[in-house]
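Participant: Sharing a model prediction with you, sequence too.
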Amino acid sequence: MFEISKRFTTLERSLLAVERYGFCIFHEGELEVVPAGLEKGYPAQIDFDFLPARIKNFEGSLKRIIKGKMTSYYKTLVGDSYKSLGRKAGTAMGLWSRFEALQVLSLSRCVSTSRING
């Protein structure tokens, strides 16, 4: 009986942590990311009909990134992953590890912001 109760309590704490993280990400997006994006001219809502034209605007930058003439955090993240894991970087677990790296980056920004803003 004790073992079941212990597992439930652990699961309950994990769910609470996930909920807090989700709220933190939402809070960061609502208070920082969205206003910063709007300030930079990003649309408040995605117009999927206009999306191909918006992507076309990035063609020059994307080509420079591909040719190595411009740096990209995301290309570096993928490149480092392939250097350390080889072909395994393309597996589901390799992709998941990069996803987790981006989540940790978001969480660390969120925690830093909440400490600053009190």
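Facilitator: Sure, I can see it.

Participant: can you give me the helices in this protein?
Facilitator: Assigned by DSSP state H, the chain shows helices spanning 2-28, 34-39, 51-56, 59-67, 73-85, 92-117.

Participant: Distance of Ile55 relative to Leu77?
Facilitator: 20 Å (CB to CB, to the nearest Å). Any C-beta I mention is one placed from the backbone N, CA and C, and that applies to glycine too.

Participant: between the two, which one's more packed in?
Facilitator: More crowded of Ile55 and Leu77, by other CB atoms under 10 Å: Leu77, with 14 against 10.

Participant: Not counting residues beside it along the chain, what's closest to that one?
Facilitator: Distance criterion CB to CB, 6 or more residues apart in numbering; nearest residue to Leu77, sequence neighbours excluded, is Arg98 at 5.9 Å.

Participant: Quick check, the one you found in contact with Thr76.
Facilitator: No. Contact between Arg98 and Thr76 fails when scored by CB atoms under 8 Å: they sit 11.1 Å apart.

Participant: who has more neighbours, the two?
Facilitator: Arg98 (15 against 11).

Participant: which residues does the more buried one contact?
Facilitator: Leu77, Val78, Ser81 (CB atoms under 8 Å, 6 or more residues apart in numbering).

Participant: number of nearby residues for the second one?
Facilitator: It stands for Val78. Val78 is flanked by 16 other residues according to other CB under 10 Å.

Participant: residues contacting it?
Facilitator: By CB under 8 Å, 6+ apart, the neighbours of Val78 are Ala89, Arg98.

Participant: And it, how far from Gly90?
Facilitator: 10 Å.

Participant: so what's in contact with these two at the same time?
Facilitator: Contacts common to Val78 and Gly90, judged by CB under 8 Å, 6+ apart, are absent.

Participant: Could you check the pLDDT of the nearest residue to Leu85 once chain neighbours are set aside?
Facilitator: Distances taken as CB to CB, 6+ apart place Gly94 nearest to Leu85, at 5.5 Å, with adjacent residues excluded. Listed pLDDT for Gly94 reads 80.
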